[in-house]
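Undergrad: predicted structure and sequence below. I'll ask about it afterward.
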Amino acid sequence: MARITRLLSPASMPSLAPALSAELQSKIISSLSPHLSSAHSYSHSPSFSPLPLHTISTLRALCLTSKSLAREAEAHLYASLYLTSPRQAHLACRTIVSNARLAGLVKGFWFSDERSRERRGEGRRFWECVRSALGAMCELKSLCLVDGALENVWILDPDPSNSSTPSVNVASGSLSPFFKFQLHEAKLHFAWDTPLLSFLSTQSHLRTLQTFDRTEDLLPRLPLPAGSLPLLQQFDGTLMVAHHILALGAPLTHLQAAVEDGVHAYGEVQAARCVLGFARKLRSAGKTLKALSVLEMPEGAVQGAVDVIAALCPDLVYIGLIPLPSVHRHTIYTSLTHLHYLHTAQFDVSSWTPPPDVRAQRALASEVRTFCPQIRNVVFWVGNMRVGWVWGARRTSQCEYEHGYENEEHEHGYGHEKEKERGRGRGREDAYGQWYSQVEVQQYPPFDPMWSLV
């Protein structure tokens, strides 16, 4: 009996639930959602999208349910912090400041208050907490911060002496840099002022940058220190800031610049001069630039700007947003013929009276393709309505053409159009093709990501 008791004791019985290996735990966590990847090989798209809510709930449950899975689940839960309310952001920042291990897990941090735009922003204590949290993150790669009041750029000052708790290098006795991370992507909606410039000058690995400066005047913007942002490839911001970005000589491949309201306020002539001056500065990026978007371009600058852009940036594959005149359009098209690799162009036809309907737009798209046979995508903007046209090889039968798309056009007006047309492109696929259209309403050119995706 004693022998049987010893054999059945817990100490002598094999474990019925052996611990899972670290590799298997990682696979279980990663299988929860295609949005998740290994926390050690964190990657993200320029859009910096948050994790689905159901995935976040599952990760939280795993953190509270199993100690063996908690570490792996925490790594994914804290890798991307997407915060849309000040209370939520404040709690997250306090947690990060109080826990160095969790702070080291954060790879992407996003804060943008999605409440009413009438609010003037958060108080100083809130932004001090955000600054402290940023100082604790040592592995941060992607950062998005939106200061609705444009009064708190001081939080980006890299000078550790301006922190309430400066860190000291024990070996040298000097102050350590306050921000220990090197960003790859940054979206910073702050006033273009000295603290922001000082911060950017420390980010030598930055590849994608979006800034927002709402100052409505023609005063020169502060320049970045020479040698800043040596790896920058993509910039989205205002025209006057873009001047300084181009002066750095960075290997830009994608550039979007919006003409400020303050520039327009000084009249059509002054606005045209600013745009032409910007276009001439593109010489520094002409060999690398693949996509260029200029928003709110004054009509008086269109022809001159397109001429300069085509001469200085011959390798563009994307250009926009060109205000297309209702007459003498061929002069714009002729300039575009110098862009031999151009496959996508966006035009603004909002000023036309009446606005071109779907058939007129299809004819306009064919006009563009007559001058630039390599064109595959043409987009027309009519106010906040975006109509995209895509040229594709004709693959449907005549019966499908007569009965399929005709009904959709009749029902929706702006329908899924197609046209049998003799193309001028190279190769058999281009001999015959058709235009496909897609209409999107309540769209805004500054938020259209097409320029950054080509």
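TA: Structure's in. What do you need?
Undergrad: how about the strands in the stretch 151-300 of the chain?
TA: Here the stretch 151-300 of the chain has its strands, by DSSP state E, counting those that start in this stretch, at 185-189, 208-211, 234-238, 254-258, 291-295.
Undergrad: helices or strands up against the second one?
TA: Using 3 or more Cβ pairs under 8 Å, 6 or more residues apart in numbering; DSSP states H and E as the contact definition, the elements that strand 208-211 packs against are strand 185-189, strand 234-238. C-beta coordinates here come from the backbone N, C-alpha and C atoms, glycine included.
Undergrad: from the ones you listed, which stretch is densest packed?
TA: Mean neighbours per residue, mean count of other Cβ atoms under 10 Å, is largest over the helices and strands packed on strand 208-211 for strand 234-238, with a mean of 22.
Undergrad: tell me how far that one is from the chain's mean position?
TA: 9 Å (Cα atoms, centre = their mean, to the nearest Å).
Undergrad: now the angle from it to strand 254-258?
TA: 0 degrees (axes from the mean of the first three to the mean of the last three Cα atoms, to 10 degrees).
Undergrad: how far away is Pro223 from Ala279?
TA: 19 Å (Cβ to Cβ, to the nearest Å).
Undergrad: ignore the last one, Asp261
TA: 20 Å.
Undergrad: who does Arg386 form a beta bridge with?
TA: Trp381, Glu440 (DSSP bridges).
Undergrad: returning to what we had before: who's more crowded, Asp261 and Ala279?
TA: Neighbours per residue, other Cβ atoms under 10 Å: of Asp261 and Ala279, the larger number sits with Ala279, 23 against 12.
Undergrad: report the separation between the spatially closest residue to that one that is not a sequence neighbour and Gly277.
TA: If the residues on either side of it in the chain are set aside, Ala279 comes closest to Val308, at 4.1 Å by Cβ to Cβ, 6 or more residues apart in numbering. Per Cβ to Cβ, Val308 is found 10 Å from Gly277.
Undergrad: ok, the two, which is more surrounded?
TA: More neighbours surround Val308 than the other of Val308 and Gly277, with 21 against 15 (other Cβ under 10 Å).
Undergrad: do you know the pLDDT at the more buried one?
TA: pLDDT, Val308: 97.
Undergrad: in the helix or strand it falls within, which residues are buried?
TA: Assigned by DSSP states H and E, Val308 falls within helix 302-312. Going by neighbour count (16 or more other Cβ atoms under 10 Å), the buried part of helix 302-312 is 302, 304-310, 312.
Undergrad: equivalent analysis for stretch 255-269, please.
TA: Here stretch 255-269 shows 255-260, 262-263 as buried, counting by 16+ other Cβ under 10 Å.
Undergrad: ditto for stretch 356-373
TA: Neighbour-count burial for stretch 356-373 [16+ other Cβ under 10 Å]: 356, 358, 361-362, 364-366, 368-369, 371-372.
Undergrad: and for stretch 325-343?
TA: Neighbour count says stretch 325-343 has 325, 332-333, 335-336, 338-339, 342-343 buried, by 16+ other Cβ under 10 Å.
Undergrad: which of the residues you listed fall in helices?
TA: Among these, the members found in helices (DSSP state H) are 332-333, 335-336.
Undergrad: looking at the residues you listed, which is nearest Ser66?
TA: Leu336 (59.8 Å; Cβ to Cβ).
Undergrad: for the closest residue in space to the closest one that isn't next to it in sequence, which residues are in contact?
TA: Nearest residue to Leu336, sequence neighbours excluded (Cβ to Cβ, 6+ apart): Cys372, at 5.4 Å. For Cys372, the contact set (Cβ atoms under 8 Å, 6 or more residues apart in numbering) comprises 333, 336-337, 339, 342, 345.
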